[in-house]
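K.L.:
Fold the following and give me the result.
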Amino acid sequence: MQGYARQKGAVLVISLIILLVLTMIGVSAARTVLLEEKMTFASRDAKVALEVAEALVKQGEHYIDSLSTTGDFGVSAWLHTEGGGPNNLLDAATWGDANSLALSKGEKLPNVPNVVPMNGNGRIYIEMTGNADKEDPADSITVEGYGQTTGGGEIQVFRIVAQGQGINDATTRTIISHYGKRF
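P.N.:
Residues are numbered from 1 along each chain as shown. Down below sits the predicted model:
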């Protein structure tokens, strides 16, 4: 019995130290898991926003393909004439109703058949940027049967600017694309 009396709680102190170390390891592991979850969500959120912006650009291309004239440019708020589009993509006014068109999940641009509706929210505007260079590459094409004619009409170039929102509305991705059509 005398041996037990001399220890005076040494086992208790060692047990408490081991318990403290294990608790710190557990808390650190939990914080790591939470951080990884936040990073995974942010990555997914950014990808969703990019997918929405890409879908809007594709719809913009189909919209341009459906045009027979550029008469609506300068009349509709989201269709801008050459030099009439917003200058600052970071300005909130650029993405307001006066300069761009809002589309919600399941919607698509007007007059755009056979396009899958978007899977999120976003905004788009299209600006005419002028005619493509008139240089005719017909003389430099050596494939038989091609390059003999370039067709009629000028190639009008359009700038399509789309901004997609992620799951969190604060997450956005913006894509600028140029697309040409011969009228």
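K.L.:
how far away is the residue nearest the centre of the chain from E107?
P.N.:
Centroid-nearest residue in the chain, with C-alpha atoms, centre = their mean: L50, separated by 2.6 Å. Distance from L50 to E107, counting by C-beta to C-beta, to the nearest Å: 18 Å. All C-beta atoms are positioned from the backbone trio N, CA, C, and that covers glycine.
K.L.:
next one: T171
P.N.:
In terms of C-beta to C-beta, T171 sits 20 Å off from E107.
K.L.:
before we move on, what about S68?
P.N.:
According to C-beta to C-beta, S68 stands 23 Å off from E107.
K.L.:
what about the helices in the protein?
P.N.:
Along the chain, counting by DSSP state H, helices occupy 2-7, 10-66.
K.L.:
Those helices: which one's closest to L101?
P.N.:
helix 10-66 (9.3 Å; C-beta to C-beta).
K.L.:
Count the neighbours of the nearest residue to V112 once chain neighbours are set aside for me.
P.N.:
Counting by C-beta to C-beta, 6 or more residues apart in numbering, H62 is the residue found nearest to V112 once chain neighbours are left out, at 4.6 Å. Using other C-beta atoms under 10 Å, H62 has 17 neighbouring residues.
K.L.:
go on, S104?
P.N.:
Look at S104: counted by other C-beta under 10 Å, it has 11 neighbours.
K.L.:
again with the one 4 residues further on
P.N.:
Applying the criterion other C-beta under 10 Å, we find 18 residues in the vicinity of K108.
K.L.:
got a list of what it touches?
P.N.:
Applying C-beta atoms under 8 Å, 6 or more residues apart in numbering, we find K108 in contact with Q59, V115, V116, P117, M118.
K.L.:
next one: V48
P.N.:
Counted by C-beta under 8 Å, 6+ apart, V48 has contacts N119, G120, G164, G166, I167, T171.
K.L.:
would CSV of those residues with pLDDT, neighbour count and distance to A93 be doable?
P.N.:
Converted to CSV, the contacts of V48 look like this (pLDDT from 0 to 100; neighbours: other C-beta atoms under 10 Å; distance: C-beta to C-beta, whole Å):
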residue, pLDDT, neighbour count, distance to A93
N119, 80, 12, 27
G120, 86, 19, 22
G164, 95, 28, 19
G166, 92, 22, 22
I167, 90, 13, 25
T171, 93, 18, 20
